[in-house]
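> attaching a predicted model along with its sequence, questions to come.
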Amino acid sequence: MKNHKKYLLLAAVAVIILITAIVLRFSQDQEIIPEKQIENINIKEAQAQTYVASQAPTLKDDDKVFGSLDAPLKIFVYEDYADLYSANLADTLEKIYQENKQQVAIIVRPFIQENSLLSKSAAQALACAAEKGNWKEMRALLFTNVKNNQLSVDSFNAYARSLDLNENDFTTCLTNFQKSEKIEQLVLAAKKYSVLGAPTMFVNDEMILGARPYEDYIDSNGDKIEGLKTVVGRMIK
């Protein structure tokens, strides 16, 4: 009887060792996924997503800026000029800027939706208008037409005319390869900051995905999420 119990005990230990080995082997074979990984997040549905930025953007000579570069808080925004979420966020950012002009500068940069001619052309239209100092007006026109579901590649020349830009020069610029290449390089450079879609914001060391609303709100899980007003408010205290 004692031998029988001994064999049962040994068998049980062997089974435990085997199971432990299998578990360890399985865990070693799995890819370790960081808690704050963002690669698989849908930017369009990411209103509640905030991360600590591993690397935040810095100012470039040709950046497009609302406000003074001396402002203590700089908000970097990657936006798609053919995208409704970016258009809606632009309204929120304008409100933030108007309420905090002395303390906030907003730096906007293009981000092109993959395989979208309209997205790429809209970014180039803004870059072309910027050559004549009209990028703010072109941006407003693009986003207004996005919200009205009227943005089209065929309309860009009409936008140029409304801004009193030389139509021939503007048309030539829209097909300028170097201008297009520069925009693509900006988008590629954004990936080193983990920007994978638009809109994406950097507020100090916080990276915010999606079109964060102005006011605080309750998400689908019942959690209270800071609106952009609250985020900026605690940054400039």
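Structure's in. What do you need?

> for Pro110, see how far away Ala123 is.
Distance of Ala123 to Pro110, given as C-beta to C-beta, to the nearest Å: 4 Å. Using the backbone N, CA and C atoms, a C-beta is placed for each residue, glycine as well.

> repeat that for Glu79.
From Glu79 across to Pro110, the span is 7 Å (C-beta to C-beta).

> repeat for Leu151
From Leu151 to Pro110 the distance is 15 Å (C-beta to C-beta).

> name the SS class of the residue lying closest to Glu131 once chain neighbours are set aside, please.
Nearest residue to Glu131, sequence neighbours excluded (C-beta to C-beta, 6 or more residues apart in numbering): Cys173, at 6.8 Å. Put simply, Cys173 is helix when judged by DSSP: H, G, I helix; E, B strand; the rest coil.

> re the thing from before, quick one: which of Ala123 and Pro110 has more around it?
Neighbour tally, Ala123 and Pro110, criterion other C-beta atoms under 10 Å: the higher count belongs to Ala123, 27 against 24.

> quick one: that one is in a helix?
Yes - checked against three-state DSSP, Ala123 lies within a helix.

> give the contact list for it.
Contacts for Ala123 (C-beta atoms under 8 Å, 6 or more residues apart in numbering) come out as 80-81, 110, 112, 183.

> return the subset of those residues lying in strands.
Pro110 (DSSP state E).

> out of the contacts of Ala123, which two sit at the greatest distance?
Across the contacts of Ala123, the longest distance by C-beta to C-beta is 11.6 Å; it joins Asp80 and Ile183.

> distance check, the residue nearest to Phe202 when sequence neighbours are not counted against Asn168.
Leaving aside its chain neighbours, Phe202 sits nearest to Phe76 (4.3 Å; criterion: C-beta to C-beta, 6+ apart). Applying C-beta to C-beta, the value for Phe76 to Asn168 is 34 Å.

> now flag whichever of the contacts of Ala123 is closest to Leu228.
Asp80 (18.1 Å).

> hang on, that closest one packs against Glu114?
No - with contacts counted by C-beta atoms under 8 Å, Asp80 stays clear of Glu114, the gap being 10.6 Å.

> neighbour count: the two, which is higher?
With neighbours defined as other C-beta under 10 Å, Asp80 and Glu114 compare such that Asp80 has more, 26 against 8.

> quick check: that one vs Val153, distance?
Plainly put, Asp80 is 15 Å away from Val153 if you go by C-beta to C-beta.
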